[in-house]
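In: Sequence unavailable; structure follows:
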Ligand SMILES: Nc1ncnc2c1ncn2[C@@H]1O[C@H](COP(=O)(O)OP(=O)(O)OP(=O)(O)O)[C@@H](O)[C@H]1O
């Protein structure tokens with residue numbers, strides 16, 4: 001993909017003799033949300049940690065802002081924020097106090113960066129509530145606040161909604177989307193949940209057993225993926241004859257009673273009429289739209305869902 005701000009080339013990782021990341025080529029576009037999707041153990045965290053330089057890569061290249069990270073790691077400090085494992089926050093301190101500690105560690109003296117980060121994830125900036133009384137969602141948002149504290153251009157999040165309840169998940173997704181839309185951040189995140197990347201990401205990389213099986217723009221696959229009208233009928237042979245007689249050739253018989261029609265310029269109403277006019281009983285008729293789960297399953301060759 002053009003305009004990549006983070007790229008990997010033939011990235012590999014071995015733990016002992018076990019190769020767990022295998023020649024991964026990834027391209028994260030500037031200003032976009034890129035979702036790495038894969039089952040548990042597929043290699044997502046290892047890829048992210050290699051991109052961040054938190055673990056050594058076995059071979060391959062990571063380029064950020066077009067530069068090989070082996071040569072410019074130091075220059076990237078402050079330009080990338082990340083949230084990977086539970087951060088070390090002090091339970092007896094507030095959100096603000098915890099972040100203030102990090103600003104001091106990072107050598108910054110500007111309290112506004114803390115306020116700004118807290119505001120971006122809707123956490124209180126007063127000191128009344130201590131970390132130990134935070135919900136899991138608040139803790140996760142504090143971790144996100146820490147990731148964005150120095151206004152980095154790239155934000156990398158490993159399973160950002162893991163373990164959250166539905167409200168926590170929805171809040172987290174909203175803040176991530178806002179960071180992209182209102183602050184023009186480039187975001188790389190991993191998830192084992194298809195619904196997550198479907199609602200958040202512009203681009204996806206499908207990882208299975210350490211390999212990248214597909215990398216694509218979600219909008220593009222939506223456009224290219226075939227929409228079909230599914231019809232359940234009592235007489236499949238007669239239905240096929242009727243459709244052909246009406247000039248509809250682009251259909252597939254999918255079982256004893258089901259036909260999928262892929263014709264573009266025909267509505268379910270028209271099909272229903274054609275069949276009913278010939279006394280065929282139509283028990284169900286619906287349009288099947290793009291489905292990331294189907295796309296993912298095709299990519300990983302029909303293996304079990306993540
Ligand atoms: N430090 C390590 N030493 C040995 N093996 C490891 C280590 N870290 C990860 N692995 C193995 O590497 C493989 C990929 O793990 P990784 O954590 O990168 O996958 P993941 O897709 O992020 O999975 P999860 O969603 O469960 O975190 C797994 O088989 C895991 O057991």
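Out: Cool, the structure landed. The structure displayed is predicted, hence computed values, not measured ones. Numbering: from 1, shown residues only.
In: Kindly report the residues of the stretch 1-150 of the chain close to the ligand.
Out: Neighbours of the ligand within the stretch 1-150 of the chain, by CB under 6 Å from any ligand atom: 15, 20, 38, 40-46. In this view, the C-beta of every residue, glycine as well, is placed from N, C-alpha and C.
In: where along this structure do the helices fall?
Out: 44-52, 69-72, 95-105, 111-120, 136-148, 166-183, 194-200, 218-224, 236-245, 268-277, 292-299 (DSSP state H).
In: can you list the ones you listed in a markdown table and add mean pLDDT and mean neighbour count?
Out: A markdown table is the format used below for the helices of the chain (pLDDT from 0 to 100; neighbours: other CB atoms under 10 Å):
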| stretch | mean pLDDT | mean neighbour count |
| --- | --- | --- |
| helix 44-52 | 96 | 23 |
| helix 69-72 | 88 | 14 |
| helix 95-105 | 89 | 17 |
| helix 111-120 | 87 | 17 |
| helix 136-148 | 90 | 21 |
| helix 166-183 | 91 | 16 |
| helix 194-200 | 87 | 20 |
| helix 218-224 | 81 | 13 |
| helix 236-245 | 94 | 16 |
| helix 268-277 | 94 | 16 |
| helix 292-299 | 77 | 16 |
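In: Just put these in a markdown table and tack on distance to residue 3.
Out: Converted to a markdown table, the helices of the chain look like this (distance: least, CB to CB, whole Å):
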| stretch | distance to residue 3 |
| --- | --- |
| helix 44-52 | 17 |
| helix 69-72 | 18 |
| helix 95-105 | 31 |
| helix 111-120 | 25 |
| helix 136-148 | 22 |
| helix 166-183 | 15 |
| helix 194-200 | 19 |
| helix 218-224 | 15 |
| helix 236-245 | 45 |
| helix 268-277 | 40 |
| helix 292-299 | 23 |
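In: Among the residues of the stretch 1-150 of the chain next to the ligand, the buried ones, what's the PyMOL command?
Out: A single PyMOL command suffices to select whichever of those are buried according to 16 or more other CB atoms under 10 Å:
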select buried, resi 20+38+42+43+44+45+46
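In: quick one: contacts for residue 141?
Out: Counting by CB atoms under 8 Å, 6 or more residues apart in numbering, residue 141 touches 121-123, 171-172, 175.
In: same deal with residue 294?
Out: Taking CB under 8 Å, 6+ apart as the definition, residue 294 has no contacts.
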